[in-house]
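# Take a look and give me a structure for this.
(chains A and B)
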Amino acid sequence: MIRALLSDDLPRSRVLTLVLLGIVLCLALAPFLFPGVRTVDTAARICIFIVLVASYDLLIGFTGIVSFAHTMFFGFGAYGVAFGLIHLDRSFWAMGLGAAGGALTAACVAIVIGLFSLRVRAIFFAMITLAVASAVAVLFSQLSSITGGEDGLTFKLPRVLGPAFKFGTETLDGRLFGVRLNGKLLAYYLVFFSAVLLFLGLLRLVNSPFGRVLKAIRENEFRAEAIGYPVIQYRVAASCISAITAACAGALYAIWLRYVGPETTLSMEIMINVLLMVVIGGMGTLYGAIVGAAVFVLAQNYLRNLMGAAATLMQDIPILPQFLSADRWLLWLGVLFVLSVYFFPSGVVGRLRRS
Amino acid sequence: MTAAPEPTPTIVRPTSSEQIAPYTPLALVVLLICVGYLAIGIPSSWLTLTLSGLAMGMMYFIMATGLTLVFGLMDVINFGHGAFISLGAFVGVTVLLELGVFSESPTLWLNIAAVLLSIAAAMAVCSIAGWGFERLVVRPVYGSHLNQILVTMGGLIIAEQLIIVFWGPEEIYFTRPEMLKGSADLFGATIEKFRLLVVSLGLGMFAMMRWILRQTKIGLIVRAGVEDREMVMALGYRLRLVFIGVFIAGSALAGFGGAIWGMYQEVITAHMGNQAMVLVFIVVIIGGLGSVEGCFLGALMVGLMQNYVGFLAPKFALLSNIGLMVAILIWRPMGMIPVVKAK
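Alright, predicted model coming up:
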């Protein structure tokens, strides 16, 4: 059963299995284990970023092409949900339609970009996606009549997913293990189970014959072509699937935040975060996405406090506190990133699997 | 015994379209200027926009040329190039502010000297940084594009954060030297004086690069290396050393471009380099990776397009350049002047 769910791609390392089980269990029971607005919010972010990073891993780790437009697709999904809920009505139907519209747009754009750039050289893809993504981000922040500009859009979810909706009041007195049963809890589990579903879908994909061809292309493009696989079509298809999954993750993000804006969904900063997560977790493993996203989001939320404390400790030494101040955490992650590309390109997961 | 048949050589002239082909990129720039004139309709604003478009194009050229040569020579793509643009801007502006006496004086020559000195400082610092960057970041990942993109991106993050450590996170506002402020009247069009300086600096730089690449031995080796790396190495040239030189020169040029870009905008941030990289990549792609002339023409087109569309429909300025890139890639998939053979 588990073997079938994981598409016969088990973690293959005792430590890794324990780590993954720990993370997944914590996420599954987050509202009960760590009740509190901030912790549940962190858990939901981890779920969403796991999907986003896994879909990015499909590109970078399995197909061997680097895209900088992944947050653009993420944003398409998020804005799709927002448009659906604002312009149609406050229903699940509108929400789903919006997400589907976002995913469809993402797929079309991914195909067009892929056909333009992958036709020539894979390296063009990185540069062209960077340019297109910046242009789209600028466009979204300037077309304020449609997208709300820099301020973004806030919208209302279907009533069932809002905190005002309560259930189980008669049978359970509205509480389960001391946690209030309301729409927010439902929203969390919607995010969690959608994330699980998407992740398992990706796992199935990379362990299918299609995934095998992608790996062959990554290892030796010329040879794959010679065996008779149309390299460009496979690469375009991979970038298209990855874009659709990213759009789904974006839709979940919009549902969780009940807000979309260029800063939270389209910015280059998120792209760099995703890049860091995929490399730290481990490229080409997919499980790396779980470890990478969990470590990174936790570090983002809690490492700053730690560094701030260290900076106050070092106050008397010149310059050093500058390097350790809480705002410089990206500097250290950058160093970690470069070192991990050099010394363990397969990331945490690859390391654990080998030992 | 029969006599051998008389050789009948046939001389095939290149068709007229083949003769024109090398000049089409240049013609495209001229065409763009003409289309701009028709679309705008007001001669004075057209002249202003064209000149500022050329000035911007020159800056993009200076920033992009190092990137294109480094790629052509060693197949290394440097996503951290933007860090040198930012660094150049910060060093240049710091020196310019230090030279307050020069830049506040009402003499034009002292002002220009202040600008040139700060550019020289920016180039010096960036070439040292470029050497370090090549040594520490780029060297271990030759041959693998994927790792190059990742590592140079990491280098960019680190460099941006280091700039923030040394100069602080706030944007720095400043004013240009006295005599370079404001604008001059030319045929009824208002033209900022600084843009004239930028255009002349850019043209000078282009002429110098052309001279180095076409007339000197080192230029010959660089051009041959872009064409066929292995052959040049087989002939006994240590292309690695040449490459390090080109990388350092490219970084210095990025610093040059960054310094004038900063002075042009009168505000600098640590992220400005990465923002400029978007257009730099477009320039490099439409010019054709590895080609300096293509880079020059591509930069002019991007600069002009940015200004014309920015005047007509401000929201679509960046998008129009993406459109330009797509159109050129449909026409010539390897860029306007393809040099590097598809590897």
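# only C-alpha atoms for contact and neighbour calcs from this point on.
OK.
# Show me what from chain B comes close to chain A.
Proximity of chain B to chain A, by CA under 8 Å from any CA of the partner chain, involves residues B:140, B:145-147, B:149-151, B:154-155, B:157-158, B:161-162, B:165, B:278-279, B:281-282, B:285, B:315-316, B:318-319, B:322, B:326, B:329-330, B:333-334, B:342.
# can we see that at 6 Å?
Contact residues, chain B versus chain A (CA under 6 Å from any CA of the partner chain): B:151, B:154, B:157-158, B:161, B:278, B:318-319.
# Mind checking which of the residues you listed are in helices?
In this view, these that belong to helices under DSSP state H are B:151, B:154, B:157-158, B:161, B:278, B:318-319.
# Make a ChimeraX selection of the buried ones in the residues you listed.
The buried subset of these, as determined by 16 or more other CA atoms under 10 Å in any protein chain shown, is captured in ChimeraX by this line:
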select /B:151,154,157,158,161,278,318,319
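# still on that earlier bit, need the residues of chain B next to chain A in TSV (columns: pLDDT).
Converted to TSV, the residues of chain B next to chain A look like this (pLDDT from 0 to 100):
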residue	pLDDT
B:V151	90
B:G154	89
B:I157	89
B:I158	90
B:Q161	89
B:V278	89
B:L318	84
B:L319	86
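# any idea which of these is closest to A:H70?
Using CA to CA, B:V278 comes nearest to A:H70 of the residues of chain B next to chain A, at 15.7 Å.
# give me the element B:M334 is part of.
Following DSSP states H and E, there is no helix or strand that holds B:M334.
# give me every residue that touches it.
Residues counted as contacts of B:M334 (CA atoms under 6 Å, 6 or more residues apart in numbering or on different chains) are B:G288.
# Please repeat the previous calculation with a cut-off of 7 Å.
B:M334 sits next to A:120, B:288 when contact means CA atoms under 7 Å, 6 or more residues apart in numbering or on different chains.
# Now render the ones in helices among the residues of chain B next to chain A as CSV, adding distance to A:G308.
Formatted as CSV, those follow (distance: CA to CA, whole Å):
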residue, distance to A:G308
B:V151, 27
B:G154, 23
B:I157, 20
B:I158, 19
B:Q161, 16
B:V278, 34
B:L318, 39
B:L319, 41
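# Tell me which residue lies nearest the centroid of the chain.
Picked chain A for this. The residue lying closest to the centre of chain A (CA atoms, centre = their mean) is A:L52, at 2.1 Å.
# meant chain B actually
Residue closest to the average C-alpha location in chain B (CA atoms, centre = their mean): B:F61, at 2.3 Å.
# Give me the pLDDT for it.
pLDDT, B:F61: 92.
# Need phi/psi at B:S183.
phi -130, psi 160 (degrees, to the nearest 10).
# what's the nearest residue to it once chain neighbours are set aside in contact with, if anything?
Distance criterion CA to CA, 6 or more residues apart in numbering or on different chains; nearest residue to B:S183, sequence neighbours excluded, is B:E192 at 3.9 Å. Contacts of B:E192 were listed using CA under 7 Å, 6+ apart, and they are B:182-184.
# could you pull out the helices for the stretch 201-343 of chain B?
For the stretch 201-343 of chain B, the helices defined by DSSP state H, counting those that start in this stretch occupy B:217-227, B:229-234, B:239-265, B:272-287, B:292-312, B:317-331.
# I am finished for the moment; much appreciated.
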